[in-house]
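Trainee: following is a predicted model, sequence given first.
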Amino acid sequence: MTKIFVDGRPFDVPENQSMLQACLTLGFDLPYFCWHPALGSVGACRQCAVKQYRDEKDSRGRIVMSCMTPVAEGVRISIRDAESVSFRAAVIEGLMQSHPHDCPVCDEGGECHLQDMTVMTGHAYRRYRFSKRTFRNQNLGPLVNHEMNRCIQCYRCVRYYREYAGGHDLKEFVLRNLVYFGRQNDGVLENEFAGNLVEICPTGVFTDKTLKQHYTRKWDLQLAPSVCVHCGIGCNTSPGERYGTLRRIVNRYNGEVNGYFLCDRGRFGYEFVNSPERLRQPRLQKGGQGETADGPVALVHARKLLDGGKVIGIGSPRASLEANFALRTLVGQERFFAGVEDEEHRLTARMLEILRSGLARSPSLGEIEKADAVLVLGEDVTQTAPRMALSLRQSVRQQPFELVDKLQIPRWLDHAAREAVQDAKGPFFVAAPHPTKLDDVAAATYRASPDDLARLGFAVAHAIDSSAPDVPQLTDGVRALAGRIAEALKNAKRPLVVSGPSLKCEALIQAAANVAWALCRAGKPAALSFTAPECNTLGLGLMAARPLGEAQQALKSGEADTIVILENDLYRRAPREQVDALLASARHLIVLDYLETSTTHKAEVVFPSAPFAECEGTFISNEGRAQRAFQVYVPEGGIRAAWQWLRDLLIASGANGAAAWQGVDDVLKTLAGSLPAFSAVPQAAPSAAFRMAGEKVAREPHRYSGRTAMHANINVSEPKPPDDPESPLSFSMEGVSEQPPPALIPFFWSPGWNSIQSVNKFQQEIAGPLRGGDPGVRVIEPAKPTEPDGPAGPDGNARADFLGAPPAVFEPQPDRVLLVPIYHVFGSDETSQRAPAIRELTPKPYVALDSEAARRFGLNDGDLAEVAVNGAVERLPVKVRDGMAAGVAGLPVGLPGIENCRLPAWARITRP
Amino acid sequence: MFSIIRTLWNVLLHSFQPRVTIQYPEEKPYLAPRYRGRIILSRDPDGGERCVACYLCAVACPVDCIALQATEDPTGRRYAEFFRINFSRCIFCGLCEEACPTYAIQLTPDFEICEYDRQKLVYEKEDLTISGPGKYPGYNFWRVAGVKIGGKDKGQAEREEPPAEIHSLLP
C-alpha cells in the first residue's frame, strides 16, 4: 500500500495503479472517457485532469492527467481545485461541440457515460454557435447499430475491437475533427465480441440493435442477476424485462468469470425467450390432436400415465440442477438417464473424473487471462466457448509484460506498454483440425486429425515428463513441435492446457490431462480447462445419470414403458431413426420444455417450463462454478419452472417429501444432502430468507416508470405486484438502498453513474473482485496429493499416474474423408439459434473441404456435393476452407437441418 | 349596537358589488394557457407526431401514470407505439410537460374530464393526440436532431455541415 493525499486527506491505496484508478477505487467522482479498466490508459481525452502538488507547501501545483500519473508514496493531488475543475469543464465543452441533439431518440440515453460526465462537470449550455460536423452511418449487421454523429473520438471502440478482441474490420478513418470509426464498407462486424462495443462506447455510437426493436430505457427494465445459458462458461448477465417480454442482456461484472465482456451469442441470444415457438399452456395429445389444458388437468392426466411406476426420466444439460434433480427424484436414481449422446456423456464423466481426482485445477476465466503459456488441444474455443477465447487472447500478453515490467513501465500505461512489446507474443499453441480464429496470436499451430492431435498432446506430456507414455512413429516435425511446446510450458509460471469434448475424442482429453499433470509433477501450478458444450453439462454429469443408450434397453426389456423428458430435444442428441425407435417403444411420453421441438410434437403431455429468465436455477460452469440465475419476471400463461411441475407430479404420486419443496432453496438442500458432490451448491447465492435491514433486493430501479398505467388498459385498478417467496429479490422498486451481496446485484447503478461504468462503485478495487467477493461457488476441486510428488489412487486422493495411451497414426484415405465437427458461435447452440438476430448470422449447412481435397473430388467452392455419412446421404454445398488437416473434412454442428449427424465419422464425398 | 348596524350596512353594500362567483357550468371561467389541466399530445408544424417516445415524461411522473412503448417507422423516425395516461392517477403536476424535450406533451386549460367509471379515465394515444402544435408553435425536434429520418438526410438539420467524406485524407 502507498499513501497518497487527495484534497489534503491521506489515503492508503494499492501500488501499481494509475491515479485515476486509485481515485475511483476510493469512491471519488472523477470523469474520464478514453480510459477503461480492461484497456488501460492512453491519456487521449484529457478529461481526468487533476492538480498535482510538489509537496505540502506547494500551492500552485500543475495540471496532470490522473490516468497517466502513477500512484507513488506521498503524491498530493486535488480533484476539487478550481483550475482543474474548469479545465475538465472546458474539455467536455469541446467534446460536446458537435454532439447532436439526439438524447431523446438515442438508445444510450439514461445510461450514457457521456451524459453522466457532462452532468458531473457541470456543462449545461452549448456556447459554440457554429455548425456541427455530421457523418453517414454504416449498417454493421443485425446486432450492433451505428450512429456516428454522436462520436466523441475517445478511440475506445477501436482499441477494444482490435487490440483486445483481435478484430480487423473496425478502424479509424480521416483526420482532425472528422475522425470516423467504422468499417471499410457496410457489413456485419466479423468479431464474435462486437456486442461489447455497446458497453465500451461511452455514448450512443454503438448501441444494441436487438434492443432497438423493442426499445426500453434502462430505468424501465425489471432486472435480475442471471447466468448465460448458451455455452458452458457461465458468464454473468443482467437480463431486463418490460411488458412481459425480455428486452436485452447486459454484462454483469464478475471479476473471476466474464469480467467486463460477453460474447455476442450470450448478449443477443436471449430473444428465443420471446419466440412465437414458446410453449405457454400444457398440452394433451388426444386422438392425434394437441389440445391445450389447464395445469391441474394436465397434472392429473400425467399422474395417470405415471401410475404404472415403470417410468424413466431423461435429464438435460440445458436444464438447471433443480430441474434435473427433481426429475431424478421423480423417477429414481436408477431410472434417470442423461439426455446427451453416449459419447458426450462418457467424455463428460471422464473430464469430471480428471478434474476431481487429478492434480491440475480448472481455472476461472480470470486465471486463464493470467496464464503465460497456453496449449489449446483440439478445441476451436472461439466457437465452442467464445468468452474463453477472449480471455485466451489476453494471455499472450502475459509473457511480454515481463519486458514491460523490466523497463519499469506500468502495465496499465497501454500505449507505452504496447510500444515496448511491439509484436511479441507469449507462447500460445493451437492444435486443431482446421484453422481457428485464435491462430493469429499463436506462436505455432498444428492442424491434424483428432487422433494425431492427441498424439501431439501425448508427445508434449512425454517431453515434459519421461514417465508419461511415449508416442511411437512420431514424425520429426511433430516431435520438434512437441519439444517446443513442452519447453514453453515448462518455462512458464502459470501454464495452461485447454481441451474439451467437441471433437468427441477421449484420447485428446487424456492427452491434455497428461500434459497438465506432467507440469504439476514438475512443480508448476498448471491449470487444465475443459470446455463444456452446454450451460449445465457438468451439473448433469455430476448426477451420475445412466447413458441414454441404455434407455432403449430399459424400454425393450419391459423395465419401463413411460418416458419423462426434461427440456431436451432428443432429435439433436441422436440420429432420427434411433430417437424414433426410442419414443415408439414407450407407451407414454411426457415432455417438459419451453420451446416447441421435434420431441414435444411426439409427447402425450407437454408441460410448458420456464427458460432462464422466467425461473430460478443453478448451473455449473465448465470451471466447476455453481452459479444461481434468478427469475427476472413472472411469465404469462401456464408456464412454471420445470422443477415445480415435477414437484407437483411427485406430490400427486404420493411422495410427501417433495411437498416441502417450496423454493429452489429446499430443492438444493435436498440435493446437497443426497449427493455429496453438490454439498456446496446452496452457498452459490443467499437463501430466500435473506434480508438487509428487513428488506428484499428490488428488481426494478427506483425510477421504474408506468406502474399505475402499464396495465390500466386491462383494468384501471393496479394489480398487486407478484410475490416472490422463493428468492431474496422482489418484483418491485422498493428494496434495500445499499449494495446487496454480489450474487444478488440485479443491475449496476450509482448516483451520478447511470451507465454500466457504475460497476466502479461496486468493486473492492477497480477491475478487481466485487465488494463481498465474486459470485458463485466452486464445486469441483482437484484432490490434494497425499505426498508432495507421489502418485495416488482413485480413493479421493490426487492421482498422478498418466492416462491412456497414444492412438495410432491417422492414415488419410484416398476415397474417403474424416468428417469432423465444425462449431459456429452463431448456430451451433440450440436455444440461441431461435433468436431472430442470431438466426440471421447462422450459416447454411455446408461441407468444408481443403482446396486439395476439393480438387481431388472435382468440386469447386459453392458446388453441391453428396456426402455419404453414417448410412445417410446429404446434399450440401461445398465451402473450400484452406488449411484443413490432410484427409479431414468438416461439417457444421447443430445447424438447423443437420442437427443430428454424429461426428467424427468417415464420409464419402462425390459429385452428384 | 353601533357595530351591528355597521355590519348590516356593510352587508347591504356588498349586495350591490359585482359578483366573483361564476355560474359554472352555464358560465365558463377564463383559464390561462399555462393552466395545468387535461394532458394532450401535440403535433409539430408539419403535422407529424411530436412525441419521440423518449420515456422522459414517464420517468418524471411522480405517480407513474404514464406508460408507453417506443417504436420506429421504416425511415428511422421514432414514435410511440402506444401511449397511455391513467388520469385517475394523474395529479396534474405538469412535470411531464417540463421533462418533455420536444414540446409534445402539454397540459391544457381543460379540466372537464370527470367520469363515473374510472376505467374511462384511461386515455390512449388516439384520445390524447390533437391536430396542432398547442402552446409551442414552430418547434420541430427533428429539425435540430442529428438522426436521419424520412425527408431529412444527414447534414440537413439546422446548423449542420454536410456529411464528411470518410475515404478522403485531404487535410
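Mentor: All right, it came through fine. Numbers count the residues shown, from 1 in each chain, chains lettered A, B, ... in the order given.
Trainee: the most centrally placed residue in chain B - nearest residue in space that isn't next to it in sequence?
Mentor: For chain B, the residue nearest the mean C-alpha position is B:Q106 (1.0 Å; C-alpha atoms, centre = their mean). In space, and not counting its chain neighbours, B:Q106 is closest to B:G134: 4.5 Å by C-beta to C-beta, 6 or more residues apart in numbering or on different chains. Yep, even glycine has a C-beta here, placed from its N, CA and C like the rest.
Trainee: any idea which strand is longest in chain B?
Mentor: Ranked by number of residues, the top strand in chain B under DSSP state E is strand B:78-86.
Trainee: mind giving me the packing neighbours of the helix or strand following that one?
Mentor: Next in sequence after strand B:78-86, counting helices and strands by DSSP states H and E, comes helix B:95-99. If you count contacts as 3 or more C-beta pairs under 8 Å, 6 or more residues apart in numbering or on different chains; DSSP states H and E, helix B:95-99 packs onto helix B:56-60, strand B:105-107.
Trainee: for B:V122, give me its contacts.
Mentor: Contacts for B:V122 (C-beta atoms under 8 Å, 6 or more residues apart in numbering or on different chains) come out as A:709, A:712-713, A:716, B:84-88.
Trainee: can you tell me which of those are buried?
Mentor: A:709, A:712, A:716, B:84-88 (16 or more other C-beta atoms under 10 Å in any protein chain shown).
Trainee: who touches stretch B:160-171?
Mentor: Contacts for stretch B:160-171 (C-beta under 8 Å, 6+ apart): A:131-136, A:173-176, A:178, A:180, A:182, B:146, B:154-155.
Trainee: let's see that with 6 Å instead.
Mentor: Contact with stretch B:160-171 is made by A:131-136, A:173-174, A:178, A:180, B:154-155, as judged by C-beta atoms under 6 Å, 6 or more residues apart in numbering or on different chains.
Trainee: between those, which is closest to A:A442?
Mentor: A:F173 (29.8 Å; C-beta to C-beta).
Trainee: tell me the SS of A:G735?
Mentor: coil (DSSP: H, G, I helix; E, B strand; the rest coil).
Trainee: now for the residue lying closest to it once chain neighbours are set aside, how many residues are close by?
Mentor: Excluding the flanking residues, the one nearest A:G735 by C-beta to C-beta, 6+ apart is A:A698, at 3.0 Å. For A:A698, the neighbour count with other C-beta atoms under 10 Å in any protein chain shown is 22.
Trainee: show me what contacts A:A698?
Mentor: Counting by C-beta under 6 Å, 6+ apart, A:A698 touches A:730, A:732-735.
Trainee: tell me what it is bridged to.
Mentor: Judged by DSSP bridges, the bridge partners of A:A698 are A:S730.
Trainee: over to A:V430?
Mentor: Under the criterion used (DSSP bridges), A:V430 bridges to A:V376, A:T445.
Trainee: do I have it right that it meets A:A443?
Mentor: No. Assessed by C-beta atoms under 6 Å, A:V430 is found out of contact with A:A443, at 9.1 Å.
Trainee: where along the stretch 751-900 of chain A do the strands fall?
Mentor: For the stretch 751-900 of chain A, the strands defined by DSSP state E, counting those that start in this stretch occupy A:777-778, A:817-822, A:847-849, A:864-869, A:872-880, A:888-892.
Trainee: for chain A, what is the nearest residue in chain B?
Mentor: Proximity of chain B to chain A (C-beta to the nearest C-beta) peaks at B:G146, 2.5 Å away.
Trainee: that residue contacts A:P100, doesn't it?
Mentor: Yes. Contact criterion C-beta under 6 Å: B:G146 and A:P100 qualify, at 2.5 Å.
Trainee: for the contacts of A:A698, which one is nearest A:L903?
Mentor: A:L903 has its nearest neighbour among the contacts of A:A698 in A:S730, at 47.2 Å by C-beta to C-beta.
Trainee: residues near the closest one, how many?
Mentor: The burial count for A:S730: 19, using other C-beta under 10 Å.
Trainee: contacting residues around it?
Mentor: So A:S730 contacts A:696, A:698, A:724 (C-beta under 6 Å, 6+ apart).
Trainee: of the residues you listed, which is the nearest to chain B?
Mentor: The closest of the contacts of A:S730 to chain B turns out to be A:A698 (C-beta to the nearest C-beta; 14.6 Å).
Trainee: find residues that contact each of B:G146 and A:P100.
Mentor: A:N149.
Trainee: can you give me the strands for chain B?
Mentor: Assigned by DSSP E, the strands in chain B fall at B:39-41, B:66-72, B:78-86, B:105-107, B:122-123, B:160-163.
Trainee: hang on, the earlier thing: quick one: which of the helices and strands packed on helix B:95-99 is nearest A:S66?
Mentor: It is, among the helices and strands packed on helix B:95-99 and with distance given as C-beta to C-beta, helix B:56-60, at 32.8 Å.
Trainee: give me the contact status of that closest one with chain A.
Mentor: Yes. Helix B:56-60 reaches chain A (C-beta under 6 Å from any C-beta of the partner chain) through B:58-59.
Trainee: what's that helix packed up against?
Mentor: Contacting helix B:56-60 under the criterion 3 or more C-beta pairs under 6 Å, 6 or more residues apart in numbering or on different chains; DSSP states H and E are the following elements: helix B:95-99.
Trainee: just how off-centre is the helix it packs on within its chain?
Mentor: 8 Å (C-alpha atoms, centre = their mean, to the nearest Å).
Trainee: in that helix, what's buried?
Mentor: In helix B:95-99, counting by 16+ other C-beta under 10 Å, buried: B:95-97, B:99.
Trainee: for it, give me every contacting residue.
Mentor: The contact list for helix B:95-99, computed with C-beta under 6 Å, 6+ apart, reads B:56-57, B:60-61, B:105-107.
Trainee: show the subsequent helix or strand relative to the helix or strand of chain A with the lowest mean pLDDT.
Mentor: Ranked by mean pLDDT, DSSP states H and E, the weakest helix or strand in chain A is strand A:289-292, scoring a mean of 82. Next along the chain after strand A:289-292, taking DSSP H and E as the criterion, comes helix A:295-306.
Trainee: off-centre distance for that following helix?
Mentor: 37 Å.
Trainee: which other helices and strands does it contact?
Mentor: Contacts defined by 3+ C-beta pairs under 6 Å, 6+ apart place helix A:295-306 against strand A:605-608, helix A:642-652.
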